[in-house]
Each structure stands twice: as structure tokens, then as C-alpha cells.
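> 3D model of this:
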Amino acid sequence: WARATQTVFGEGPPGARLMLVGEQPGDREDLAGEPFVGPAGAILERALKEAGLDRSRVYVTNVVKHFKWRASGKRRLHERPNAEEIRACLPWFEAELRVLRPSVVVLMGATAAQSALGRAVRIGDEPGLVVTSPIAPHVIVTLHPSAVLRSPDPASREARFARLVADLGLATSHARRSL
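Here you go, the predicted model:
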């Protein structure tokens with residue numbers, strides 16, 4: 001938290017039935033003070049559109065509310081948050097859940113899933129991993145949009161993007177049924 005520019009809280013409409021949860025803000029998010037506005041945010045925006053979702057109707061947040069980074073020349077490179085940093089931010093995430101009371105929570109990435117569920121979860125290669133949890137009636141674990149960006153080749157990039165779209169589509173159908 002000490003090196004972050006600012007705290008980046010979640011954003012979205014107070015009545016959102018769908019909450020998307022990532023790990024932590026990135027460089028662009030830290031500078032802008034908004035979640036998912038950098039390269040991973042662009043992937044997420046595209047995936048939401050393909051899944052038939054309007055981002056303005058979804059609440060987006062991260063389990064960790066600050067950007068942890070290390071310097072590499074002039075660039076600020078992401079570092080994974082440690083258990084202490086995750087624990088320090090959990091009260092804010094839990095407050096978001098209490099206030100919003102979403103019917104569907106999509107946990108994007110292993111760190112978000114482990115932090116929110118309190119246990120390790122293997123994301124795997126198959127779409128549609130629905131887990132039981134007290135945080136919401138429907139909890140879906142998927143890959144983080146940055147995993148699409150880190151794909152080693154175009155074929156895996158497309159496969160990962162398709163998985164993200166499929167999981168967001170599943171989340172949408174659960175959210176619509178719970179209205």
C-alpha cells in the first residue's frame with residue numbers, strides 16, 4: 001500500500017446483481033483511481049460486450065485495493081499481493097458484499113478466488129466452474145482478463161478469451177434468473 005498512488009475501490013451501480021472481482025489494481029488503475037481501466041480492463045470490456053453485458057450495470061472491484069509493484073526502469077510492474085496485504089483489504093471487500101448483496105459473484109483469477117473463498121481453487125481449463133460459498137448464491141471462478149494478455153500464442157489467447165466470455169455469459173444467465 002505504501003507505494004501505491006491511491007486506494008482503488010470498486011465501482012458500479014448500487015443495485016448491481018453481478019459483481020466481478022479481480023486481484024488488485026494495475027498501474028493504470030492506480031493512476032486513474034478506477035478498477036479495470038488498463039489493458040486487462042479493455043479485455044474485460046470486450047468480453048462483457050460479447051457476453052451481452054453492459055459494464056455500467058455491473059459492479060467491478062478487486063480483493064486488494066492498492067497496486068503493489070516493483071520498478072523496472074521507468075515501468076511499474078505488478079507484484080502479487082501477500083497474505084497480510086490481502087487480509088488488510090478484506091474488510092473493504094466484505095463491506096462491498098454486504099452493501100451490494102449480489103446474486104452472482106465472478107472471481108477472476110486464482111488470487112481473487114483464494115482470497116474471497118478462503119481456500120485454494122484451481123481455475124482449470126474448463127469453463128463454468130461454479131462453487132458453493134456464503135458470499136453469494138452463485139459464485140463463478142474464471143481466469144483473470146490479464147491471463148488473456150499473457151497468452152503465449154494467438155490460439156491460446158483466443159481460447160482463453162472464449163472461456164472468459166462463456167463464464168461471463170453463465171454469470172449473466174444466473175443473474176437474470178435471480179431477478
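> What are the phi and psi values at residue 72?
Dihedral pair for residue 72: phi -140, psi 90, per degrees, to the nearest 10.
> and it, bridged to which residues?
residue 75 (DSSP bridges).
> How much space separates it from residue 78?
10 Å (Cβ to Cβ, to the nearest Å). To be clear about C-beta, it is placed using only N, CA and C from the backbone, and glycine gets the same treatment.
> same check, this time on residue 43
Taking Cβ to Cβ, one finds residue 43 at 15 Å from residue 78.
> More neighbours: which of those two?
residue 43 (21 against 16; other Cβ atoms under 10 Å).
> what's the longest helix in this protein?
Using DSSP state H, we find that the single longest helix of the chain is helix 154-177.
> for the chain, which spans come out with low pLDDT?
1-2, 125-127, 179 (pLDDT under 70).
> what sits opposite the residue most central in space within the chain in the beta ladder?
Residue closest to the average C-alpha location in the chain (Cα atoms, centre = their mean): residue 22, at 2.2 Å. Beta bridges link residue 22 to residue 62 when assigned by DSSP bridges.
> correct me, but it touches residue 35?
Yes - using Cβ atoms under 8 Å, residue 22 is in contact with residue 35, at 7.1 Å.
> Quick check: neighbours shared by the two?
Contact with both residue 22 and residue 35 is made by residues 60, 61, 62, according to Cβ atoms under 8 Å, 6 or more residues apart in numbering.
> now that we have the residues you listed, which one has the most neighbours?
Ranked by the number of neighbours (other Cβ under 10 Å), these place residue 62 first, at 29 neighbours.
> would you say residue 36 is within a helix?
No - with DSSP: H, G, I helix; E, B strand; the rest coil as the criterion, residue 36 is located in coil rather than a helix.
> now it: how far from residue 55?
For residue 36 relative to residue 55 (Cβ to Cβ), the value is 8 Å.
> out of those two, which sits in the more crowded spot?
When residue 36 and residue 55 are compared for neighbours, residue 36 comes out ahead with 27 against 16, by other Cβ under 10 Å.
> can you tell me which residues contact the more buried one?
20, 22, 29, 44, 45, 60, 145.
> Of those residues, which is the nearest to residue 103?
residue 20 (13.2 Å; Cβ to Cβ).
> How about the backbone phi and psi for the closest one?
phi -110, psi 130.
> before we move on, the earlier item: which of the contacts of residue 36 has the most neighbours?
For the contacts of residue 36, the largest neighbour count, defined by other Cβ under 10 Å, is 30 neighbours, found at residue 20.
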